[in-house]
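>>> sharing a sequence plus its predicted fold:
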Amino acid sequence: MLPITLDTKDRLLLSFLQQDCTVSLQVLAEHICLTTTPCWKRLKRLEDEGYIRARVALLDSKKLGLDVTAFVLIKTHQHSRNWFNQFVGVVKAMPEVMALYRMAGEYDYLLRVQVPNMKSYDAFYKKLLNRVPALLDVTSSFAMEEIKYTTALPVST
């Protein structure tokens, strides 16, 4: 659930922007039935309050030759603050890592990795093992086909 401070027009605006953030302020305003000034004020407030983190272009990984998606599950016995900070610093600096999650359950961390091919994945894997000490288990699964991918959050109106 989104906080109560968002009304229907805010939610419509957020939903519309997730589909195309390049549209003009005029088009946004028309879409949510406002004039441009109140629409701009809402947009500015949503940005200032952190609902809108960034406006970016979504690229096609296949056209860029990044054909392999790997999901990497990691176990460790190290849970100190220093180890965690080192691990996070190393992983965040690796451009192949698209997402990093701390998990509950059997594994401690999950990474989504995007690389051109298996040789590149092997280089990534070796780099990870060399830079992060005390990894107990690193298990990788590879996506055979992307069936659904979205960055749009389910903003209910």
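Structure's in. What do you need?

>>> what residues does Val113 make contact with?
Thr69, Ala70, Phe71, Val72, Glu96, Val97, Met98, Tyr121, Phe124 (C-beta atoms under 8 Å, 6 or more residues apart in numbering). No exception for glycine: its C-beta is placed from N, CA and C like everyone else's.

>>> quick check: beta-bridge partners of it?
Beta-bridge partners for Val113, by DSSP bridges, are Ala70, Val97.

>>> show me which of the contacts of Val113 is closest to Val90.
Set against Val90, the nearest of the contacts of Val113 by C-beta to C-beta is Val97 (9.5 Å).

>>> read off the pLDDT value for that closest one.
At Val97, the pLDDT value in this model is 98.

>>> equivalent analysis for Arg112, please.
Note for Arg112: predicted pLDDT of 98.

>>> so what's it up against?
Thr69, Ala70, Phe71, Val72, Val97, Met98, Ala99.

>>> and the contacts of Val113, which of them are buried?
The neighbour count (16 or more other C-beta atoms under 10 Å) marks Thr69, Ala70, Val72, Glu96, Val97, Tyr121, Phe124 as buried among these.

>>> nearest residue to Asn117 other than its sequence neighbours?
Once flanking residues are discounted, Asn117 sits nearest to Val68: 5.9 Å by C-beta to C-beta, 6 or more residues apart in numbering.

>>> for Ala143, see how far away that neighbour is.
According to C-beta to C-beta, to the nearest Å, Val68 stands 8 Å off from Ala143.

>>> who has more neighbours out of these two?
More neighbours surround Val68 than the other of Val68 and Ala143, with 18 against 14 (other C-beta atoms under 10 Å).

>>> what's the spacing between Val132 and Leu111?
To Leu111, Val132 is 11 Å away according to C-beta to C-beta.

>>> er, Leu129 actually
Separation of Leu129 from Leu111 (C-beta to C-beta) stands at 13 Å.
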